[in-house]
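Enquirer: would you be able to build a 3D model of this:
(one chain, ligands or ions: 1)
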Amino acid sequence: MSIRIHELAKRHNMEGKDMLTLLKELNFVAADTKSVSSTVSKIYEEEFEKYIAAKKPASAPAPVAETPAAAAPVESAVADQVSSGVAPAVFTTKQPAGIMVKSAQDIVREKEEAAAKQNKPAPSVMVPPVRPASPPPRPPMPGPTSFAPRPAPTSPPFVSAPISAPKPAPSAPAAVSAPRPVSPPAAVVPPRSSAPSPIAPPPIPARSASPVTPPPFPSSPAFASAPKPLPVSAPGAVPAIPSSATNAPIVTVQGDVKTIHLKPPIIVRDFAPALGLKPFKLISELMEMGIFASMNQNIDETVAVKVAEKHGFLLEIKHRGDASTQQAAKEKQAKAKANPDEEEVKNLVSRPPVICILGHVDHGKTSLLDTIRKANVASGEAGGITQHIGAYQIEFKGKKLTFLDTPGHAAFTKMRSRGASVTDVAILVVAADDGFMPQTDEALKIALGVKEQQPEKFALIVAVNKMDVKGANLDQVKNQMQQRNIAPEDWGGETVTVPVSAIKGTGIDELLEMIILQSEVLELKANPKAEASGAIIESQIDVGRGPLATVIVQRGTLRVGDAIVCGAQWARVRAMFDDQGKNLKEAPPATPVRVIGWSGAPDSGASFKVVKNARDAEKMAEEEEHRLKKITTTSDAAPKQISVESLFANIAATQQKTLKVILKTDVFGSSEAVRHVLEGIKSTKVSLEVVSSDVGLVSKNDVLMAGTGGAIVIGFNTKLENGVTPLAKHHNVRIETFGIIYELADKVKEMMADLLDPDLKEIKLGAAEIRATFPQGKGFVAGCLVTEGKITRNNSARLRRGKEIVYEGKISTLKRFKDDANEVRAGLECGIKLDDFNGYQTGDIIECLEIQKVRASL
Ligand SMILES: Nc1nc2c(ncn2[C@@H]2O[C@H](COP(=O)(O)OP(=O)(O)OP(=O)(O)O)[C@@H](O)[C@H]2O)c(=O)[nH]1
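Expert: Predicted structure coming up:
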């Protein structure tokens, strides 16, 4: 059993962050561990307790490990000292009784002296055992006098490989050739294998003992076969292929080793020139390997490594979140921090985290939020699909948490990504029985995108839901997480993973605790004294209250009476409500509120800010509207700005059949989502034109517009104004309303197909063989034997001579002996005449066909 860092901190009356720093210093956790919710293995925990006990004089009444409750408080000056580069002195401030004050230098020196006495290499002060999973890269310790670093862990994930002599360290982690970069060799500390620490615990059993053995990282075979790593950006490296695009591969040459540095995705078009190949050549090489990729497709990393090797290149793939990327982001942030607005910094206070819940359809996002809120949101939804971004605030253990409820359907990707961009913590819900599904991956991509932009300000938590169902398989989900480079903490990764059941309510408190912990690590702060600004989560036009918008205040405090502007819309805040419908006078940072008083519905995802007064707000909104109009008229972009007549004239000018749609939705987010779905309907035969799209009720004006242009009206999550139905009947306008987006999509496809001429389907009813020909009037009649099915009069027919089709027409005469017949069945003889055709020959086959009309497909 492992213990979380914050729990260990609590045991020793320490701040979580300070404990984290201390554990890093002791090399009991990986140097890049960020979260206090990360775990410390049982062995390290015991080592830590031994360490604490060892710090006490022999007379100490009871060792800390045995009586954690009675443990002397350990203060946290280490953290500051370490970060400031000063050699850390352990437990220096407010030194508790019974604990000696020792600096790191003292400890190292003592150990070295002790080792020297025993005539063997000095052991590390705290030489921990081999970690179960290979930890991420460890930077050198701060300053020469700090604790000696552990020898570099070199084992691949989950393999307790024997520790060998320290490897030469690459200057930066190389994703391809060195997935686990090593620390610089420690001068003071010899390899652990040759210098077992007297207090070193027994080796940890190999990870393969786990019930489900996690597979190696996807590209590990390539890692294994790759030649020795090259330092990234090594001095003297020659950029052979300069590139203007930041993502384009760069080739460096050092001696006779050529390395291609690139970031995924590895696109054929970009990768080929780096190899010195034409793209088509690379495509054909890939084909030889059984891989079919086009110019613009990306190829698997393992494949890319093989191809690169074949052409004498090393491949260094720089993944998101690689140390260097993070370093760059950190440097950027540090730079930004270097010139802060002093006033702003002075006024910063902690704010609640904004959390979004992402995941695949039906994996339980709404149920989870519902359980968290203890209110039943899911049951009120049409078709069980969340369709709007809602924002709610809850309180857990005295801390406020703001949740955004983002919809799960693919159509809402856009809304969802907007939701993710204002959030601090993303909870990726994965159903324990289904595992990762396409939309889970899509959501993960969005979340990782946000994390890449602001690594220090965003956390990802995976909630494995539906743990109560029969097929629940937590290990499978963890396995999938590892394959996606977001390995869970207990598998040696960093991603906080909480198994829950939204229905049974299990694991929810732990999830909330994890959110709070992660938020503490993120140190979320905002200045409530500033003028408010934030983002629009959702907007709509309410019949009674006019345009209203759910907003999240990100900075400052929004107050009733404030003048705000958002794009071409402005508001004087008339009233604000929280998610319980309570009237609020002011909304501090991270509060979601519904604001009334807008000039129109602002776009969801757009930013708003408070301005001096309503006059300024109105003026700014007008200017923005003017600017937008100008863009529209010059680029003739938005359909809304074009006159309906001219638009319809343009459409009529084309020969292609077009389904014209006037769209009305309840909120802007929905209209975007519906448009997204409609744009996704592809057909070469019928095009779809959204003539206009707006929010609100379906109005008489919509009907008149549709009548003029031959459009249909589609309402989504909205109703019809009074008098619309008779008017639509009068003008023969079709109105369809929907509450579920995929039903809307299916119906629109049907309506598009209805515009097409039906396809003709031929069904063979029977066949007859011509046995003789008889003269009749000026022509001939074929004397036949029906050989299969039946021959019916007036149906279509085809005359075949061998493989050749000689005639196609209708059976105009069908006789049985001398009588007319309507149909003649197999085994009987009959006389057949096809229209005016007379060229029958014995042995010809007459096929009788029925032609059916079927709805054309798109
Ligand atoms: N057994 C079980 N069923 C669950 C659990 N969580 C959710 N469900 C069920 O899974 C179904 C989908 O749940 P929702 O909460 O609507 O899922 P969602 O991810 O919000 O779905 P969308 O809004 O459609 O994206 C419902 O029938 C829930 O009752 C759980 O923990 N255990």
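Enquirer: what about the nearest residue to S35 once chain neighbours are set aside, distance to the ligand?
Expert: Distances taken as Cβ to Cβ, 6 or more residues apart in numbering put V521 closest to S35, at 5.4 Å, once the chain neighbours are dropped. All C-beta atoms are positioned from the backbone trio N, CA, C, and that covers glycine. Taking Cβ to the nearest ligand atom, to the nearest Å as the measure, V521 and the ligand are separated by 27 Å.
Enquirer: what's the pLDDT at V521?
Expert: Looking at V521, its pLDDT reads 85.
Enquirer: next secondary structure after whatever helix or strand it lives in?
Expert: Assigned by DSSP states H and E, V521 belongs to helix 508-522. The C-terminal neighbour of helix 508-522 among helices and strands, as given by DSSP H and E, is strand 525-526.
Enquirer: could you point out the helix or strand that follows that next one?
Expert: Immediately after strand 525-526, counting by DSSP H and E, sits strand 533-542.
Enquirer: what is the mean pLDDT for that next one?
Expert: The average pLDDT for strand 533-542 rounds to 82.
Enquirer: then that strand to PDB, C-alphas only?
Expert: Output of strand 533-542 as PDB, limited to C-alpha atoms (Å, rounded to 0.1, in the frame of the first residue of the first chain):
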ATOM      1  CA  SER A 533     -13.700  40.200 -16.600                       C
ATOM      2  CA  GLY A 534     -14.500  36.700 -17.600                       C
ATOM      3  CA  ALA A 535     -16.000  34.400 -20.200                       C
ATOM      4  CA  ILE A 536     -19.500  33.700 -21.500                       C
ATOM      5  CA  ILE A 537     -20.400  30.100 -20.800                       C
ATOM      6  CA  GLU A 538     -23.900  30.200 -22.400                       C
ATOM      7  CA  SER A 539     -26.400  32.700 -23.700                       C
ATOM      8  CA  GLN A 540     -30.000  32.600 -24.700                       C
ATOM      9  CA  ILE A 541     -33.000  34.800 -25.300                       C
ATOM     10  CA  ASP A 542     -35.600  34.400 -22.600                       C
END
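Enquirer: which strands and helices lie in contact with the helix holding V521?
Expert: Packing partners of helix 508-522 (3 or more Cβ pairs under 8 Å, 6 or more residues apart in numbering; DSSP states H and E): helix 16-25, helix 365-373, strand 390-396, strand 399-405, strand 425-431, strand 459-465, strand 496-499.
Enquirer: tell me the domain boundaries of this structure?
Expert: Using the TED database, the domain parsing of the chain gives 2-55, 258-321, 349-525, 533-634, 655-755, 760-853.
Enquirer: out of the ones you listed, nearest to P249?
Expert: Nearest to P249 among those is domain 258-321; the distance by Cβ to Cβ comes to 3.8 Å.
Enquirer: state the mean pLDDT of that closest one.
Expert: 81.
Enquirer: tabulate the helices and strands packed on helix 508-522 (a markdown table), appending mean pLDDT.
Expert: Formatted as a markdown table, these follow (pLDDT from 0 to 100):
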| stretch | mean pLDDT |
| --- | --- |
| helix 16-25 | 81 |
| helix 365-373 | 86 |
| strand 390-396 | 80 |
| strand 399-405 | 84 |
| strand 425-431 | 93 |
| strand 459-465 | 95 |
| strand 496-499 | 95 |
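Enquirer: need those in JSON lines (columns: distance to M752 and mean neighbour count).
Expert: Formatted as JSON lines, the helices and strands packed on helix 508-522 follow (distance: least, Cβ to Cβ, whole Å; neighbours: other Cβ atoms under 10 Å):
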{"stretch": "helix 16-25", "distance to M752": "58", "mean neighbour count": "23"}
{"stretch": "helix 365-373", "distance to M752": "32", "mean neighbour count": "23"}
{"stretch": "strand 390-396", "distance to M752": "33", "mean neighbour count": "18"}
{"stretch": "strand 399-405", "distance to M752": "33", "mean neighbour count": "22"}
{"stretch": "strand 425-431", "distance to M752": "34", "mean neighbour count": "27"}
{"stretch": "strand 459-465", "distance to M752": "37", "mean neighbour count": "26"}
{"stretch": "strand 496-499", "distance to M752": "44", "mean neighbour count": "22"}
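Enquirer: so which of the ones you listed comes closest to R572?
Expert: Comparing the helices and strands packed on helix 508-522 by Cβ to Cβ, strand 390-396 comes nearest, at 21.8 Å.
Enquirer: what does that closest one rub up against?
Expert: 352, 369, 372-373, 377, 400-405, 509, 512, 516, 537-538, 550, 552, 578-579, 591-592 (Cβ atoms under 8 Å, 6 or more residues apart in numbering).
Enquirer: just the CA trace of it, in CSV.
Expert: Below are the C-alpha coordinates for strand 390-396, written out as CSV (Å, rounded to 0.1, in the frame of the first residue of the first chain):
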residue,chain,number,x,y,z
GLY,A,390,-24.4,24.8,-17.3
ALA,A,391,-22.3,26.1,-14.5
TYR,A,392,-22.8,25.4,-10.9
GLN,A,393,-21.1,26.0,-7.6
ILE,A,394,-20.9,23.6,-4.7
GLU,A,395,-19.3,23.6,-1.3
PHE,A,396,-17.3,20.7,-0.1
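Enquirer: for the strand or helix carrying H261, packing partners?
Expert: Here H261 sits within strand 257-262, counting by DSSP H and E. Other helices and strands packing on strand 257-262, by 3+ Cβ pairs under 8 Å, 6+ apart, are strand 250-254, helix 268-275, strand 313-317.
Enquirer: which of the ones you listed is buried the deepest?
Expert: When you average the neighbours per residue for each of the helices and strands packed on strand 257-262 (mean count of other Cβ atoms under 10 Å), strand 313-317 leads with a mean of 25.
Enquirer: that one pairs with which strands, and in what direction?
Expert: strand 257-262 (parallel) (DSSP bridges).
Enquirer: so which bits of the partner strand are buried?
Expert: Buried positions in strand 257-262, judged by neighbour count with 16 or more other Cβ atoms under 10 Å: K258, T259, I260, H261, L262.
Enquirer: the residue nearest to the second one when sequence neighbours are not counted and I267, how far apart?
Expert: Right, the one you point to is T259. Closest residue in space to T259, ignoring its immediate chain neighbours: L314 at 4.3 Å, by Cβ to Cβ, 6+ apart. Using Cβ to Cβ, to the nearest Å, L314 is found at 19 Å from I267.
Enquirer: can you check P438 too?
Expert: 21 Å.
Enquirer: cool, K525 as well?
Expert: 40 Å.
Enquirer: and what of H626?
Expert: Distance of H626 to I267, given as Cβ to Cβ: 41 Å.
Enquirer: tell me which of these two has more neighbours.
Expert: The neighbour comparison of H626 against I267 (other Cβ atoms under 10 Å) goes to I267, with 20 against 11.
Enquirer: wait, the more buried one touches N296, no?
Expert: Yes: contact criterion Cβ atoms under 8 Å: I267 and N296 qualify, at 6.4 Å.
Enquirer: and the angle for the helix holding V521 with strand 459-465?
Expert: Angle of helix 508-522 versus strand 459-465, following axes from the mean of the first three to the mean of the last three Cα atoms, to 10 degrees, is 170 degrees.
Enquirer: contacting residues for V595?
Expert: Applying Cβ under 8 Å, 6+ apart, the residues near V595 are L548, A549, T550, V551, L558, I564, A571, V573, A575, M576.
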